[in-house]
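> A predicted structure for the sequence below; I have some questions about it.
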Amino acid sequence: MPSQGNGRRRFLLRALAAGGTLLLSGCDRLSHSAWFTRMLDSAEKLTFGAQRLLLPRKAMAQEFTAADLSPDFRSNGTSNPADPLYQALASNQFADYRLQVGGLVAQPRTYSLDDLKALPSRTQITRHDCVEGWSAIGKWKGVPLSRVLEQVQPHPSARYVVFYCADPMDDVGTRYYESIDMEDAWHAQTLLAYELNDVPLPIKNGAPIRVRVERQLGYKMAKYVMQIALVDRLDTIAGGKGGYWEDQGYEWYAGI
């Protein structure tokens, strides 16, 4: 029998695929309707509230074995950011990479890739579900985001973690960004991943660092992460919806 989480994922995939078809066909008048937008927002909040009510805070996403690994883990979204700074970092195997972590924290920090690798790590084999309609199982290794949060010491007012990325999404310099709430940020399976299937994270999959938020769909798992900021609200950031695709109409909460 399919789990509640798997049913939720399938529903979201179908809904987002249908929504993408609607927008691409040019029939997006409904998406701009105030009543329709309010209805979607209400449905998302209801689903989010129900998940938080029914599932314990530490509920884990399903993990698999090495025998389940997909032969190839596809790239989702950008596969090689067309950004001069990123290309310079990649040409030197990210030796000069620095991850800035700040915002509503007591101790802002800057981490090199070696700094992150020196922190306690976690390895997990999980399934990635992409709204493009494909899934893949991969073995991820990285530092739990909670380890970084422990070091930077979030302020009590911090409600969200925002990830700013290297990949420009359009000609005017809009960059990919994503966000999660503090509950997912502290979750044991939420990683700043630097390895995939026992090798350094390939560029197509988000090198040098990508987020793994295993209880959510693939577009929440930002690649090419350059900066992390803790904030108390999302409506003042970029498009105000909490993520690049959310600004285009996707749900902010895409969890199981």
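Yep, that arrived.
> can you give me the strands for the stretch 1-150 of the chain?
When secondary structure is read from DSSP state E, counting those that start in this stretch, the stretch 1-150 of the chain shows strands at 98-103, 109-112, 122-129, 135-144.
> so which of those strands is nearest F163?
strand 98-103 (10.0 Å; C-beta to C-beta). Where C-beta positions appear, they are placed from N, C-alpha and C, glycine not excepted.
> which outside residues touch the closest one?
Strand 98-103 is touched from outside by 108-112, 116, 148, 152, 158, 162, 192, 209, 225-231, with contacts defined as C-beta atoms under 8 Å, 6 or more residues apart in numbering.
> buried ones in that strand?
L99, V101, G103 (16 or more other C-beta atoms under 10 Å).
> before we move on, back to that, drop anything exposed from the contacts of strand 98-103.
Buried residues within the contacts of strand 98-103, defined by neighbour count using 16+ other C-beta under 10 Å: 111, 116, 148, 152, 158, 162, 192, 209, 225-231.
> helices - which of those residues land there?
Those of those mapping onto helices are L116, V148, V152, per DSSP state H.
> test my guess that D198 contacts I125.
No: with contact defined as C-beta atoms under 8 Å, D198 and I125 do not form a contacting pair (11.0 Å).
> ok, E132 - how many residues close by?
Applying the criterion other C-beta atoms under 10 Å, we find 14 residues in the vicinity of E132.
> against F73, how distant is it?
Computed with C-beta to C-beta, to the nearest Å, the distance linking E132 and F73 is 14 Å.
> again with L113
When distance is defined by C-beta to C-beta, L113 is 20 Å away from F73.
> likewise P154?
Between P154 and F73 the distance is 32 Å, computed by C-beta to C-beta.
> ok so, going back, let's have the buried residues of strand 98-103 in JSON lines, adding distance to E63 and pLDDT.
Formatted as JSON lines, the buried residues of strand 98-103 follow (distance: C-beta to C-beta, whole Å; pLDDT from 0 to 100):
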{"residue": "L99", "distance to E63": "26", "pLDDT": "98"}
{"residue": "V101", "distance to E63": "27", "pLDDT": "98"}
{"residue": "G103", "distance to E63": "31", "pLDDT": "98"}
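> now render these as a markdown table, adding distance to S91.
Written out in a markdown table, the entries for the buried residues of strand 98-103 read as follows (distance: C-beta to C-beta, whole Å):
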| residue | distance to S91 |
| --- | --- |
| L99 | 18 |
| V101 | 25 |
| G103 | 30 |
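> out of these, which is nearest to A59?
If you rank the buried residues of strand 98-103 by distance to A59 using C-beta to C-beta, V101 comes first, at 26.1 Å.
> just to revisit the earlier point, could you dump the strands of the stretch 1-150 of the chain into JSON lines and include distance to I203?
Output for these, formatted as JSON lines (distance: least, C-beta to C-beta, whole Å):
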{"stretch": "strand 98-103", "distance to I203": "17"}
{"stretch": "strand 109-112", "distance to I203": "18"}
{"stretch": "strand 122-129", "distance to I203": "17"}
{"stretch": "strand 135-144", "distance to I203": "15"}
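> which among these is found nearest to E251?
For the strands of the stretch 1-150 of the chain, the distance to E251 is smallest for strand 122-129, at 13.7 Å, taking C-beta to C-beta.
> please name the residues that touch the residue nearest to the spatial centre of the chain.
Central residue of the chain (C-alpha atoms, centre = their mean): M221, 2.2 Å from the mean position. If a contact means C-beta under 8 Å, 6+ apart, then M221 has H128, E178, R210, V211, R212, V213 as its contacts.
> just checking, the last one touches G243?
Pointing back at V213 there. No: if you go by C-beta under 8 Å, V213 and G243 don't touch, sitting 11.5 Å apart.
> any shared contact partners between these two?
Residues touching both V213 and G243 (C-beta under 8 Å, 6+ apart) are K220.
> how distant is stretch 200-217 from the center of its chain?
Centroid separation for stretch 200-217 versus its chain: 8 Å, with C-alpha atoms, centre = their mean, to the nearest Å.
> mind listing the helices for the chain?
Under DSSP H, the chain gives helices at 4-24, 34-54, 84-91, 113-118, 145-152, 182-186, 244-247.
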